[in-house]
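Peer 1: Provide a 3D model corresponding to the input given below.
(one chain, ligands or ions: 1)
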Amino acid sequence: MNEAMYNGLLERRSIRSFKPEQITDEELALVLKAGTYAPTAKGAQSPIIIAVQNPEEVAAVNALNARFGPGQNPYYGAPTVLLVLVPAGGYLGDLDGAAVLTNLCNAAYAVGLGACWINRPQFMFETNEGRDMLKRWGVEGAWRGVGSVALGYPAAEAPAARPRKENYCYIVK
Ligand SMILES: Cc1cc2nc3c(=O)[nH]c(=O)nc-3n(C[C@H](O)[C@H](O)[C@H](O)COP(=O)(O)O)c2cc1C
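Peer 2: Below is the predicted model:
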């Protein structure tokens with residue numbers, strides 16, 4: 001049994017407080033690589049991952065996300081934002097994107113970074129501002145947002161995991 005990997009899956013928690021320093025290029029590359037190894041339907045590798053690190057662009061992503069949610073600081077000050085998108089109208093794209101997001105979050109924990117899955121890219125990239133961002137970043141084509149990740153060095157311990165609900169699993173023998 002690969003205990004380190006198994007324990008990592010149980011220990012990973014969402015981090016919602018980040019140091020301002022940027023992560024290293026090596027750390028980013030490790031996290032992104034793990035994202036690209038997520039399972040995808042038919043092995044099609046349909047998603048793309050956009051890592052936003054330019055502070056002005058990170059601020060623009062924060063502002064656009066905040067338009068659709070309750071808080072003004074949806075990425076909690078993280079210096080890196082990972083956006084996962086899939087081809088508009090593609091086959092099982094949201095599920096592929098969710099698999100990528102899961103790998104990104106688990107990899108961030110393995111690398112010693114803090115990460116939190118952040119919702120609302122599905123709305124962000126339906127707007128003209130969102131589409132303009134993609135163009136500005138050199139991303140051609142029609143894409144649908146699936147989710148995103150706030151990524152950086154954790155500035156606080158994560159709270160313990162809540163107890164798992166009863167009857168989460170059924171075993172049929
Ligand atoms: C689909 C999805 C959307 C989420 N969106 C947000 C979000 O917008 N903001 C946030 O702070 N956390 C978000 N989370 C993180 C969850 O709140 C978090 O995983 C949950 O509270 C359990 O905590 P844990 O990740 O530490 O186990 C999201 C998680 C998932 C899977």
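Peer 1: my guess is residue 62 meets residue 71, correct?
Peer 2: No: the pair residue 62 / residue 71 is not scored as a contact, 9.8 Å apart, by Cβ atoms under 8 Å. C-beta: built from backbone N, CA, C; applies to glycine.
Peer 1: Which one of those two is surrounded by more residues?
Peer 2: Neighbour count, other Cβ atoms under 10 Å: between residue 62 and residue 71, residue 62 has more, with 21 against 10.
Peer 1: Could you name the specific helix or strand carrying the residue nearest the centre of the chain?
Peer 2: Centroid-nearest residue in the chain: residue 149, 2.7 Å away (criterion: Cα atoms, centre = their mean). In this structure, residue 149 is located in strand 143-152 according to DSSP states H and E.
Peer 1: cool, residue 86 as well?
Peer 2: Counting by DSSP H and E, residue 86 is found in strand 80-87.
Peer 1: List the pairing partners of that strand within its sheet, with orientation.
Peer 2: strand 48-52 (antiparallel), strand 143-152 (antiparallel) (DSSP bridges).
Peer 1: can I get those strands in CSV with distance to the ligand and mean pLDDT?
Peer 2: Converted to CSV, those look like this (distance: least, Cβ to the nearest ligand atom, whole Å; pLDDT from 0 to 100):
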stretch, distance to the ligand, mean pLDDT
strand 48-52, 16, 98
strand 143-152, 6, 98
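Peer 1: where does the protein come near the ligand, residue by residue?
Peer 2: Residues of the chain lying close to the ligand (Cβ under 6 Å from any ligand atom) are 13, 14, 16, 116, 117, 118, 119, 147, 158, 161.
Peer 1: if you set the cut-off to 8 Å instead, what comes out?
Peer 2: 12-14, 16, 69, 74, 76, 98, 101, 105, 116-120, 147, 150, 158-159, 161-162 (Cβ under 8 Å from any ligand atom).
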